[in-house]
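# Sequence unavailable; structure follows:
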C-alpha cells in the first residue's frame, strides 16, 4: 500500500524550503492564469517566506539537509530578530515575510564582511514589505478577490526573491 501524503513529506530543511518555494511559485502562476488571484497570492506568499527562511538558515551556517524545527530553529530565529530590533508581531510570527526580510538584512549587517550592499539591502526590505503587506497565512480563511495590481505586486516580490536566492 502506498504511503499517505503527509507520511511522504521530508522534514523541513533549506533544500526542502528551496524546492517547495519554486513549486509554490509555479502553483501560483497556474492559479493566476486561472484567475484565482487570491490563491496565487496565497501560494506566492509562502514561496517568498520559504525563500527568505532558506537564505537566513544558509547565512547562519545550517547544512542544506539539516531538519529545521519550530522549537530548535524557527523560534530562536524569531527571538534573534526581536533582539536585533525587527518588529515581529506575535500573530503568525513564523510566517511573517517582512520580519524574515528584516532579520536577514540585520543579521548580515551584524556579521563582519557579510553585509549587503546598501541598494540590495533596501531591495530585500522593500520586496519583503511588498509581499508581506498583501500576504498573510490567514488568507486561507477568506473569500476576498484580490485586485490585479495586488497579484502583480506579490508575484514581482516573490520572483525577485527566487531570482536572487543565491545573493540572499
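Received, thanks. No experiment lies behind these values; they were computed from the predicted model shown.

# phi, psi of the residue nearest to residue 130 when sequence neighbours are not counted?
Closest residue in space to residue 130, ignoring its immediate chain neighbours: residue 157 at 4.3 Å, by Cβ to Cβ, 6 or more residues apart in numbering. Quick note: C-beta positions are derived from backbone N, CA and C, even for glycine. Main-chain torsions, residue 157, degrees, to the nearest 10: phi -60, psi -50.

# right, and residue 157 touches residue 131 too?
Yes - counting by Cβ atoms under 8 Å, a contact exists between residue 157 and residue 131, whose distance comes to 3.8 Å.

# what sits in contact with each of the two?
Common neighbours of residue 157 and residue 131, using Cβ atoms under 8 Å, 6 or more residues apart in numbering, are 44, 48.

# How many residues are close by the residue nearest to residue 130?
27 (other Cβ atoms under 10 Å).

# and it, what does it touch?
Going by Cβ under 8 Å, 6+ apart, the list of residues near residue 157 reads 44, 48, 127-128, 130-131.

# which one of those has the most neighbours?
Of the contacts of residue 157, residue 44 is surrounded by the most neighbours, 32 neighbours in total, counting by other Cβ under 10 Å.

# Can you redo the contacts of residue 157 as JSON lines, where the extra columns are secondary structure, distance to residue 151 and pLDDT?
Below are the contacts of residue 157 laid out as JSON lines (DSSP: H, G, I helix; E, B strand; the rest coil; distance: Cβ to Cβ, whole Å; pLDDT from 0 to 100):
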{"residue": "44", "secondary structure": "helix", "distance to residue 151": "8", "pLDDT": "98"}
{"residue": "48", "secondary structure": "helix", "distance to residue 151": "14", "pLDDT": "98"}
{"residue": "127", "secondary structure": "helix", "distance to residue 151": "15", "pLDDT": "98"}
{"residue": "128", "secondary structure": "helix", "distance to residue 151": "18", "pLDDT": "98"}
{"residue": "130", "secondary structure": "helix", "distance to residue 151": "12", "pLDDT": "98"}
{"residue": "131", "secondary structure": "helix", "distance to residue 151": "12", "pLDDT": "98"}
